[in-house]
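K.L.:
sharing a sequence plus its predicted fold:
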Amino acid sequence: MLSTWFQTLADLSSLARSETMLKDALADAVHALGFDCYAYLNIQPVRTFAVSNYANEWQQRYLDRGYKDIDPVVRTARERMEAFTWAPESPRKVPRRVSAFYAEAGDFGIRSGITIPIRTAFGHMSMLTVASHKASLSLEHDIDQLAAVTAVAFLHAKLEQTDVEPTASTRIELSARQTLCLKWSAEGKSMKAIAAIEGMSYATVNFHLNNARKALDAGSLAQATALATKLKLI
């Protein structure tokens, strides 16, 4: 049943011709498997975003509060890099904040599931989770790891190709001056030229660009400019 479902997921990802078609097909496929909802999470150093039909409030709360850093499912995904099932551990076996996280997720009907992580370009990770309101989960057969990873790789490629609008994403905020200086940098202007154009000192331009680079967790001004452009911040 599960291996067949992974093939179905790969087929749907290949056939979907629009964002709406893909999201609707995912929701239908998840229900057909006997689960309640799904969450595709793309985890990057600067930007983490979700494509999911979890409750909107939970999606944004998860990202705004940095829950990916305490979520045991994300931790296990990073460590194992293979498909696995999960359910809340005993509160006595986990730190209080993890227990609170499980309880909060449970309030939104997320109590057990299957997660399939994959490695993506430039050392990043994406993962698909199908979740259930049930407190525990049992499968008739072991997960076919190759089928699982292949299916999620198809999904990841389709989401990248169609530039699907995230249902939730981390918020990166730049100041007006940082944005202005980055925009000029994207136009090919040097810091000296930006200073002359905007009537700033060279040191001030350098200050704003350096802070923008740090906010974007970029190793260079060129990378910061590229990231800001990609994220539509400039």
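P.N.:
Received, thanks. Small disclaimer: the values here were computed from a predicted structure and weren't measured.

K.L.:
mind listing the helices for the chain?
P.N.:
Counting by DSSP state H, one finds helices in the chain at the ranges 2-15, 19-32, 56-64, 72-80, 96-107, 145-162, 176-186, 191-198, 202-215, 221-230.

K.L.:
Ser169: which of those helices is closest?
P.N.:
helix 56-64 (6.5 Å; C-beta to C-beta). Using the backbone N, CA and C atoms, a C-beta is placed for each residue, glycine as well.

K.L.:
buried residues of the closest one, list them for me.
P.N.:
Buried residues in helix 56-64, defined by neighbour count with 16 or more other C-beta atoms under 10 Å: 58-60, 62-63.

K.L.:
give me the contacts around stretch 73-93.
P.N.:
41, 43, 68, 72, 98-99, 102, 106, 111-119, 125, 127, 129, 135-137, 139, 143, 145, 148-149 (C-beta atoms under 8 Å, 6 or more residues apart in numbering).

K.L.:
in a markdown table: the helices of the chain, plus distance to Ser169 and mean pLDDT.
P.N.:
Output for the helices of the chain, formatted as a markdown table (distance: least, C-beta to C-beta, whole Å; pLDDT from 0 to 100):
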| stretch | distance to Ser169 | mean pLDDT |
| --- | --- | --- |
| helix 2-15 | 21 | 93 |
| helix 19-32 | 15 | 95 |
| helix 56-64 | 7 | 94 |
| helix 72-80 | 16 | 95 |
| helix 96-107 | 19 | 95 |
| helix 145-162 | 13 | 94 |
| helix 176-186 | 18 | 95 |
| helix 191-198 | 29 | 95 |
| helix 202-215 | 15 | 94 |
| helix 221-230 | 12 | 88 |
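
K.L.:
want to try JSON lines for the ones you listed, with distance to Arg47 as columns?
P.N.:
Shown next, in JSON lines, are the helices of the chain (distance: least, C-beta to C-beta, whole Å):
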{"stretch": "helix 2-15", "distance to Arg47": "22"}
{"stretch": "helix 19-32", "distance to Arg47": "19"}
{"stretch": "helix 56-64", "distance to Arg47": "10"}
{"stretch": "helix 72-80", "distance to Arg47": "15"}
{"stretch": "helix 96-107", "distance to Arg47": "22"}
{"stretch": "helix 145-162", "distance to Arg47": "14"}
{"stretch": "helix 176-186", "distance to Arg47": "16"}
{"stretch": "helix 191-198", "distance to Arg47": "25"}
{"stretch": "helix 202-215", "distance to Arg47": "12"}
{"stretch": "helix 221-230", "distance to Arg47": "8"}
